[in-house]
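Enquirer: Sequence below, structure please.
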Amino acid sequence: MGIELNRRNFLSAAVSAAGLVAVGPLLSACGGSAAQRAGVNSGAGLQAALPAHVPNTAIKPDIPSVAGGPDVLTKPGFLGYPADRVATVSGVPGGGGRYAAVTPLWGTIPPADNSFYQAMNKALGVELQMKPADGNTYNTIVSTMTAAKKLPDWIQLPAWWNANFNTGGLAGSQLADLTPYLAGDKVKKYPNLAAIPTAAWRAGAWGDKLYGIPCVSSGFEIAGTTYYRRDVLEAKGITADQVKSADDLMNLGKELTDAKGGVWAFGDVWTYLFTTFGAPLKWKVDGGKLVHKYETEEFFAALDWHHRLATAGYVHPDSLAGDSAGTTRFYAGKALITGDGMGAWNLADHQSGRAANPNYRRGAFNVIAADGTSKPRVDMGPSTSILSYLNASLKPEQVEELLAVANYLAAPFGSAEYTMVNFGVEGTHFTTVDGVPTPTEAGKKEVQALTYPFLASSPAVVSNPTGDSVTRDHTAWQNANVQTLAKPVFWSMNVSMPQAQATAEAAQAVEDTVKDCYRGKKKVQDVRDAVATWKTSGGGDRLIAWMDENVLQKHGTGQ
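Expert: This is a model prediction of the structure:
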C-alpha cells in the first residue's frame, strides 16, 4: 500500500548523509498459517508493542526539525559535519558472539574480511560476518533462503518486497519477536534505538508484535514532489509562489515551452501530481465505505489534466516516449519542470547540475490543490521502508547482544559511532578535508559499498557538505510544506493478504493504460474501460471487499 521505491531512491536513501527515504508498500501475500497469524495490527495491541521514543540531544543540528502534527516532523539540517564527534555508546557493545548478516548491495562487493570489517568487529565486540548480496537479484536470493529456512542471523528485508518475501508469514516463524526486548520503556536500554521515531517501528510490526529494526527513518516521508529549474524560472521573473493551481501549471507549460528551441516545460510529473486533484494515494473512506482510487472522479480528473498537458505539446517528447534520462534533460534545461523522489535533492544533484550549467539551482513547487482554493494535502508514507530482522532461532542473550550492536549502528549523525560506521577509521578509510570526512581509496573500496546502515541506522537528516545552499533550500521547503502532510487510509499498516488480492492490488493492466493516457497515447475513457475490467475479471471488486471486511471494519484506517 504505497509508492514503489526503486533502486535509485534506495541508494540515495542510505548513501547520502541526508538519508532520504521514499515510500514502500507494506503488503505480504499469505502463504500458510504463519502468515495468517502475522496479519494486521490492532490499535491497542500495536501501541503496547511499540518502543517508547526518547529523542537524542547529543548533537544539535544547525536547522532544527519542525513538527507538523503526530508522527510528522521535518528532517533536521546540518550545514557542516559536526566537528565534535561525540561518543554515544559507552564501551564495547558486544560480548564476543559470532554472527552472519546479509544486506543488498548494488555495486562491487568489498573483499571479505577487509580492514574496515575488521575495525568494525573490534568496535562492536562481535564477529559480524558481512555478506552483501547482489541487489539486482536480492528478492529471489532471499526467497530461496526463506524457502529453505536458512536465513542468516541478521538480514535486511526492504518493505517494498514484503509480498515477495511473505514477511508477514516469516514473522514469528523465521524472524525473531523483538517485543519482549524493546516494547515501551524496555527500549531505553538502547538509547540510540529509542531515538528512532515510534512511527518508524510500525513498519516492522506484524500481528501486534515487533519484528523489524528501522533503518534511515524520518517523520517527513512522501513519494516525492514537483521540481523546477529555479535559476531558469527566476531569470524569467517566475517564482514558486505564483503557482497555486493546476491552471497555473498549465499556463506555465504554455509560457515555458519552445519546441523549436528544444525546450519543453515538463518532464514526467504524474506520480507526484495526481493527488493534487484530491485523488487518494490508494484508498479513501466515504460514508463508512471503502473506495479505491480508481473509483473516484478525482483520479480521472487528474488523468484528464495530464492527458491535456501531453497533447498540448508541453511535455518533452522523450518523456512521452518513456525515456528514463529525465534528469539529464533537466540539467540541460530541455525540460524545466519534473517530478522525482525527495532523494533527488542533494549534493550530487547540485554538483551534476552545476557541471552542466554554473547557474543551476533546483527548486520545488509548494504542495498545491488543483482548484487553487482547497486545502493542499500530500499523503505520507511509512516513516521507513528499510528494515532489518533477526533470526528466530537466536537465543535471548544473542538477541540482546545484537540489539546492543544495533544501538551502536543507530548512533546519531556526526557522532563518533556514526563516523566509524559510515566512513571507517580516520587515516585509513578517510581523511578530514575542510571539516568533512573524505574517503581514501581504501574507504571507497571497503566502506562506500554500504552494509552496516542497512542493519540499523539513525533518523535521517539533511546534510550536503560544501553545498549549504542545497540544505537551506531543501529544509526551507520541508518547513514550508510540513503542515500539508497527512496520513492516508491504512497508513503504515502491515497487511498480509491472499495472493489473489495481492495480484489485484498491483493492477498492472490498469497502470499500463494509465501510463499511456498521461503520455497522450490513450484516452481517459480507455482507462475507465480498463478499470471496469479490473473490477470484474481482474479481482478489483474482490480486493476492495476483502480490504473492507478484513482491515477497515476490524482495524480501522490506521490514521
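Enquirer: Going by C-alpha atoms from here, please, whenever you check contacts or count neighbours.
Expert: Will do.
Enquirer: Enumerate the positions of stretch 421-437 that are buried.
Expert: 421-426, 429-431, 437 (16 or more other Cα atoms under 10 Å).
Enquirer: Farthest pair within these?
Expert: For the buried residues of stretch 421-437, the maximum inter-member distance is 14.6 Å, found between Val421 and Thr431 (Cα to Cα).
Enquirer: Find the least confident helix or strand in the chain, judged by mean pLDDT.
Expert: helix 33-37 (a mean of 36; mean pLDDT, DSSP states H and E).
Enquirer: ok, Gly558 touching Ser492?
Expert: Yes. The pair Gly558 / Ser492 is scored as a contact, 7.0 Å apart, by Cα atoms under 8 Å.
Enquirer: The two: who's more crowded?
Expert: A direct count of neighbours by other Cα atoms under 10 Å for Gly558 and Ser492 places Ser492 higher, at 29 against 17.
Enquirer: what sits against the more buried one?
Expert: Residues near Ser492 by Cα atoms under 8 Å, 6 or more residues apart in numbering: 26, 202-203, 381-383, 558.
Enquirer: Go again with 7 Å.
Expert: Applying Cα atoms under 7 Å, 6 or more residues apart in numbering, we find Ser492 in contact with 202-203, 381-382, 558.
Enquirer: so how far is Val54 from it?
Expert: 21 Å (Cα to Cα, to the nearest Å).
Enquirer: And Pro376, by the same measure?
Expert: 31 Å.
Enquirer: so the residue in the chain sticking out farthest from the centre, which of the three states?
Expert: Centroid-distance maximum for the chain: Lys260 at 38.5 Å, with Cα atoms, centre = their mean. Here Lys260 is helix, with the state taken from DSSP: H, G, I helix; E, B strand; the rest coil.
Enquirer: what does the one 4 residues further on give?
Expert: For Trp264, the assignment made with three-state DSSP gives strand.
Enquirer: Check the spatially closest residue to it that is not a sequence neighbour and give its pLDDT.
Expert: Using Cα to Cα, 6 or more residues apart in numbering and skipping the chain neighbours, the partner closest in space to Trp264 is Thr257 (4.3 Å). With respect to pLDDT, Thr257 scores 98.
Enquirer: Check Gly212 too.
Expert: 97.
Enquirer: Pull the contacting residues for the residue lying closest to it once chain neighbours are set aside.
Expert: Closest residue to Gly212 apart from its sequence neighbours, by Cα to Cα, 6+ apart: Gly204 at 4.0 Å. Gly204 is in contact with 210-213, 387, counting by Cα under 7 Å, 6+ apart.
Enquirer: what do you get if the cut-off is 10 Å, keeping everything else the same?
Expert: Shown in contact with Gly204 (Cα atoms under 10 Å, 6 or more residues apart in numbering): 26, 50, 157, 159, 167-168, 171, 178, 210-214, 384-389, 492-494.
Enquirer: SS state for the nearest residue to Ala203 once chain neighbours are set aside?
Expert: With Cα to Cα, 6+ apart as the criterion, Ala203 has its nearest non-adjacent residue at 6.0 Å, and that residue is Ser492. Secondary structure assignment for Ser492 (three-state DSSP): coil.
Enquirer: Could you check how far Thr431 is from Leu124?
Expert: 22 Å.
Enquirer: same question, Gly467
Expert: 33 Å.
Enquirer: Would you mind telling me which of these two has more residues around it?
Expert: The residue with more neighbours, out of Gly467 and Leu124, is Leu124; 24 against 16, by other Cα under 10 Å.
Enquirer: pretty sure that one contacts Ala404?
Expert: Yes. Using Cα atoms under 10 Å, Leu124 is in contact with Ala404, at 8.8 Å.
Enquirer: shared neighbours, those two?
Expert: Shared contacts of Leu124 and Ala404 (Cα under 10 Å, 6+ apart): 92-95.
Enquirer: Now pLDDT and secondary structure too, for the residues you listed, in TSV please.
Expert: Formatted as TSV, the shared contacts of Leu124 and Ala404 follow (pLDDT from 0 to 100; DSSP: H, G, I helix; E, B strand; the rest coil):
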residue	pLDDT	secondary structure
Val92	97	coil
Pro93	97	coil
Gly94	97	coil
Gly95	96	coil
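Enquirer: Return the members of these classed as buried.
Expert: 92-95.
Enquirer: about what we covered before: thought the residue nearest to Trp264 was touching Pro317?
Expert: No. Using Cα under 10 Å, Thr257 makes no contact with Pro317, being 11.8 Å away.
Enquirer: Looking at those two, which is more packed in?
Expert: Comparing Thr257 with Pro317 by other Cα under 10 Å, the one with more neighbours is Thr257, at 21 against 17.
Enquirer: Output the below-cut-off pLDDT ranges for the stretch 1-150 of the chain.
Expert: Along the stretch 1-150 of the chain, segments meeting pLDDT under 70 span 1-39.
Enquirer: how does it look with 80?
Expert: For the stretch 1-150 of the chain, the stretches flagged by pLDDT under 80 are 1-43.
Enquirer: Same question for stretch 59-75: list its buried residues.
Expert: For stretch 59-75, by 16+ other Cα under 10 Å, it's 61, 63, 65-68, 71-75.
Enquirer: So which of those is the closest to Leu151?
Expert: Distances from Leu151 to those, taken as Cα to Cα, are shortest for Asp71 (32.5 Å).
Enquirer: doesn't Ala199 make contact with the closest one?
Expert: Yes. At 6.1 Å, Asp71 counts as touching Ala199 under the criterion of Cα under 10 Å.
Enquirer: From Gly267, how far off is the residue nearest to Trp264?
Expert: Thr257 is 11 Å from Gly267, by Cα to Cα.
Enquirer: and for the two, which residues touch both?
Expert: 314-316, 334-336.
Enquirer: Pick out the most distant pair among the residues you listed.
Expert: Across the shared contacts of Thr257 and Gly267 (Cα to Cα), the longest gap, 11.4 Å, separates Tyr314 and Lys334.
Enquirer: so what's in contact with those two at the same time?
Expert: With Cα under 10 Å, 6+ apart as the test, Tyr314 and Lys334 both reach 257-259, 263-267.
Enquirer: will you turn the residues you listed into TSV that also has distance to Leu273?
Expert: Formatted as TSV, those follow (distance: Cα to Cα, whole Å):
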residue	distance to Leu273
Thr257	19
Asp258	23
Ala259	23
Val263	21
Trp264	18
Ala265	15
Phe266	12
Gly267	12
